[in-house]
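Colleague: need a 3D model of the following:
(one chain, ligands or ions: 3)
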Amino acid sequence: MTQNVKLLEWVNYWKEILNPKSVHWCDGSETENQMILDNMVSSGSAVKLNEDIKPNSYYFQTDDSDVARIESRTFICSNDPKDAGPTNNWESPKKMKEEMMKVYRGAMKGRTMYVMPFSMGPLGSDKSYIGVQLTDSPYVVVHMRIMTRLGKAALDILGKDGTFIPCIHSVGYPLEEGQKDVKWPCCPIEEKYICQFPETKEIWSFGSGYGGNALLGKKSFALRIASVLGKEEGWLAEHMLILGITNPKGEKKYVAAAFPSACGKTNLAMVIPTIPGWKVETVGDDIAWMKFGKDGRLWAVNPENGFFGVVPQTSMDTNPNAFLTIQKNTLFTNVGLTPNNDVWWEGIGYDCPEGTLDWKNKVYDKTSSQPCAQSNSRFTTPIAQCPVVDPAYDEPNGVPISAILFGGRRQTIIPLIYEAKDWNHGVMIGSLIGSEITSAAIGLKEGDLRNDPFAMKPFCGYNMGDYFQHWIDMGKKTDKDKLPKIFCVNWFRKENGKFLWPGYGENSRILAYVFDRCNDEDIAIDSPIGKIPKPGGINIEGLDITEKDMEKVMRIDKKEWEEELSRAENFYNIFTHLPKELRQELKKIKDSF
Ligand code: GTP
Ligand code: SPV
Ligand code: MN
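Modeller: Numbers count the residues shown, from 1 in each chain. Ligands and ions are numbered 1, 2, ... in the order given. Down below sits the predicted model:
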């Protein structure tokens, strides 16, 4: 166990309130993991998959109300509502704590309370932070074990008087004496809470067992709380993948990319280049923590230790490296279950076997308009298993970032790629990312365009206007030529309902262009919105796409951009304080058309 008095006192305090039948300190060992999984299988809340097909892998089905993040029940609880800003739900910390104390009291009755010490970031890195999560969900324990560095090593780092981010989680389903448990205990949507307290750096979550609502190291800690730490300490916590890319000459660079939820980070992070001689390796697929190094460059670590990835459409065609990663030691949630205890989903690359159960545990009717796998069904798998994991993925210093990409899911207007003229222009581009809503969150209208600045709309732990200022300020901390170059990309432009760009592996062509631009190759020309590739600047050799199609996917239409810029203006108008640089940058673009 631990000698850390603060931790012991905190655990005891919450034990009194939550009233579990027992307390289990997680050591993170394989024995412990197996014991928890075995218990879940015997209680019927997990299915062990066919050992010959998916060794050491398990299958879970959630409740209907618990299939994704719930933004309407996610709160930033700062003393002053201004500190949550216009893009977050605010609640007073005092009021929220009073309200939640009522639901926490006795919430773990009849259950085990697990104490999970974990490190976000490589063990012992000066970029890493320790958290401790309490939970009554064994599902959460086995997931946190993959997604974070969980257990004894984290406790050792904490030592006698180290500090930690306290994370409290309960599914909110106490069991009375003799009461039988359900397969997926949780609360109805309006009784769920995902609360961040930025001033005291605490996380309180209640009523949900799924994904970002319950694996508190991920969005709550590594983004919402970490973004506040980053603001205070001068670094960046971002919703970004990190990849390494090597050109045919053997030169390597690292790229970070922010796309909103379910907009292609996992896919790009482990892309297999279709152009000969190039190689991509994966550092992370969802979150990047970035600090300036002594050399004045921006260095990034992936705080996570696994992938919690979107399942549908993952196949040997679209994302072979993800597909290979999830063949063993993987947890699957809300996909289909075949009669021989394998998993199936839409876009896996072969027909649904007869007798497959859908995510609601009903025999799947192939003629149904409903999918077999829930659209936000996920896999949870160790990063170390990825065939192209970067040798530096666990490197305490992280990797130096040469370029940052921003992107969203946009059917119209936004071209395949353009480049910011400088840092502040890049910050403006990030701040104006819009994206069509996906199924990664409950209760939003899928397909509607919304502002998702820096892909951080659901994840910024403070006022988004202050966050923009923080990005502007970061650009002043080093020499201009040491800052990453910034690009905007869009894989999702459509014509007559069809994607104009093939995407997936072919996105490597865009990465190669970015790489060459980082070496200042003369392959770009100016446009009103930024630098765009010269004709022939992007290698389209061997691709079934004509120069004419390229023109379409790169088109910058004045009328459409008037619309886009007025959308931008409207968005900026919701802020009471916005860095003046952003309006200046926006005006420059307006004037250049
Ligand atoms: P989160 O884990 O929610 O943060 O999502 P993510 O950004 O990692 O998205 P992911 O890579 O899982 O992709 C989400 C969906 O977009 C999947 O269904 C992919 O098949 C699809 N997708 C990814 N890349 C492309 C692309 O280049 N083109 C097209 N058309 N679809 C893509
Ligand atoms: C996202 O929604 O951006 C995710 C999935 O990465 S979750 O962990 O549920 O937030
Ligand atoms: Mn994400």
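Colleague: surely residue 430 is in a helix?
Modeller: Yes - counting by DSSP: H, G, I helix; E, B strand; the rest coil, residue 430 is part of a helix.
Colleague: and it, what's its pLDDT?
Modeller: Looking at residue 430, its pLDDT stands at 98.
Colleague: now swap in residue 235 and tell me
Modeller: Value for residue 235, per-residue pLDDT: 98.
Colleague: neighbours of it, just the number please.
Modeller: For residue 235, the neighbour count with other C-beta atoms under 10 Å is 22. The C-beta positions use only the backbone N, C-alpha and C, and glycine is treated the same way.
Colleague: okay, it and residue 298: tell me how far apart.
Modeller: Residue 235 sits 9 Å away from residue 298, going by C-beta to C-beta, to the nearest Å.
Colleague: now do the shared contacts for these two.
Modeller: 290-292 (C-beta atoms under 8 Å, 6 or more residues apart in numbering).
Colleague: ligand 2 contacts on the stretch 351-500 of the chain?
Modeller: Contact residues, the stretch 351-500 of the chain versus ligand 2 (C-beta under 6 Å from any ligand atom): residue 440.
Colleague: and the residue of the stretch 351-500 of the chain that's closest to ligand 3?
Modeller: residue 440 (6.9 Å; C-beta to the ion).
Colleague: show the end-to-end separation of stretch 141-155, please.
Modeller: End-to-end distance of stretch 141-155 (C-alpha to C-alpha, to the nearest Å): 16 Å.
Colleague: just give the nearest non-adjacent residue to the residue of the stretch 351-500 of the chain closest to ligand 3, would you?
Modeller: residue 261 (3.4 Å; C-beta to C-beta, 6 or more residues apart in numbering).
Colleague: for the chain, name the helix or strand with the lowest mean pLDDT.
Modeller: helix 547-554 (a mean of 93; mean pLDDT, DSSP states H and E).
Colleague: related to what we said a few turns ago, the residue of the stretch 351-500 of the chain closest to ligand 3 and residue 67 touch, don't they?
Modeller: No - counting by C-beta atoms under 8 Å, residue 440 stays clear of residue 67, with 9.9 Å between them.
Colleague: now list whatever residues contact both of these two.
Modeller: What both residue 440 and residue 67 touch, as defined by C-beta under 8 Å, 6+ apart, is the set residue 376.
Colleague: list the buried ones in stretch 357-364?
Modeller: 357-359, 364 (16 or more other C-beta atoms under 10 Å).
Colleague: with stretch 73-81 instead?
Modeller: 73-78.
Colleague: and what of stretch 149-157?
Modeller: 149-151, 153-155, 157.
Colleague: do the same with stretch 77-97
Modeller: 77-78, 83-85, 87-88, 90-91, 93, 96-97.
Colleague: now stretch 390-397
Modeller: Taking 16+ other C-beta under 10 Å as the criterion, stretch 390-397 shows 390, 392-394, 397 as buried.
Colleague: about what we covered before: would a markdown table of the buried residues of stretch 77-97 with secondary structure and distance to ligand 3 be doable?
Modeller: Formatted as a markdown table, those follow (DSSP: H, G, I helix; E, B strand; the rest coil; distance: C-beta to the ion, whole Å):
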| residue | secondary structure | distance to ligand 3 |
| --- | --- | --- |
| 77 | coil | 22 |
| 78 | coil | 23 |
| 83 | helix | 24 |
| 84 | coil | 21 |
| 85 | coil | 20 |
| 87 | coil | 17 |
| 88 | coil | 17 |
| 90 | strand | 23 |
| 91 | coil | 24 |
| 93 | helix | 26 |
| 96 | helix | 25 |
| 97 | helix | 28 |
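Colleague: for those residues, work out which two are farthest apart.
Modeller: Spatial extent of the buried residues of stretch 77-97 (C-beta to C-beta) is set by the pair 87 and 97 at 22.9 Å.
Colleague: where does the stretch 301-450 of the chain get nearest to ligand 2, residue-wise?
Modeller: Nearest to ligand 2, among the residues of the stretch 301-450 of the chain, is residue 440, at 3.7 Å (C-beta to the nearest ligand atom).
Colleague: residue contacts, that residue?
Modeller: Residues in contact with residue 440 (C-beta under 8 Å, 6+ apart) are 68-69, 260-262, 310, 376.
Colleague: 6 Å instead?
Modeller: Residue 440 is in contact with 68, 261-262, 376, counting by C-beta atoms under 6 Å, 6 or more residues apart in numbering.
Colleague: over to it: give its phi and psi.
Modeller: phi -70, psi -10 (degrees, to the nearest 10).
Colleague: ranges for the helices of the stretch 451-593 of the chain?
Modeller: With DSSP state H, counting those that start in this stretch as the criterion, the stretch 451-593 of the chain has helices at 464-474, 508-518, 547-554, 558-572, 580-592.
Colleague: and of the ones you listed, who's closest to residue 241?
Modeller: The closest of the helices of the stretch 451-593 of the chain to residue 241 is helix 508-518. By C-beta to C-beta, the value is 11.5 Å.
Colleague: and the strands in the stretch 101-250 of the chain?
Modeller: Here the stretch 101-250 of the chain has its strands, by DSSP state E, counting those that start in this stretch, at 112-120, 129-135, 149-150, 165-170, 193-197, 202-206, 236-238, 240-246.
Colleague: let's have these in a markdown table, adding distance to ligand 3.
Modeller: Shown next, in a markdown table, are the strands of the stretch 101-250 of the chain (distance: least, C-beta to the ion, whole Å):
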| stretch | distance to ligand 3 |
| --- | --- |
| strand 112-120 | 15 |
| strand 129-135 | 18 |
| strand 149-150 | 19 |
| strand 165-170 | 18 |
| strand 193-197 | 14 |
| strand 202-206 | 17 |
| strand 236-238 | 11 |
| strand 240-246 | 9 |
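Colleague: and of these, who's closest to ligand 1?
Modeller: Checking the strands of the stretch 101-250 of the chain against ligand 1 by C-beta to the nearest ligand atom gives strand 240-246 as the closest, at 7.1 Å.
Colleague: check the average confidence over that closest one, would you?
Modeller: Rounded mean pLDDT across strand 240-246 is 99.
Colleague: ok, now stretch 388-408?
Modeller: On average, stretch 388-408 scores 98.
Colleague: got a list of contacts for that stretch?
Modeller: Contacts of stretch 388-408 (C-beta under 6 Å, 6+ apart): 122, 125, 244, 253-260, 270, 281-283, 297-301, 321, 383, 429-430, 433-435, 484-490, 514, 518.
Colleague: end-to-end on that stretch?
Modeller: End residues of stretch 388-408 are separated by 25 Å (C-alpha to C-alpha).
Colleague: centre of the chain versus that stretch, how much separation?
Modeller: 15 Å (C-alpha atoms, centre = their mean, to the nearest Å).
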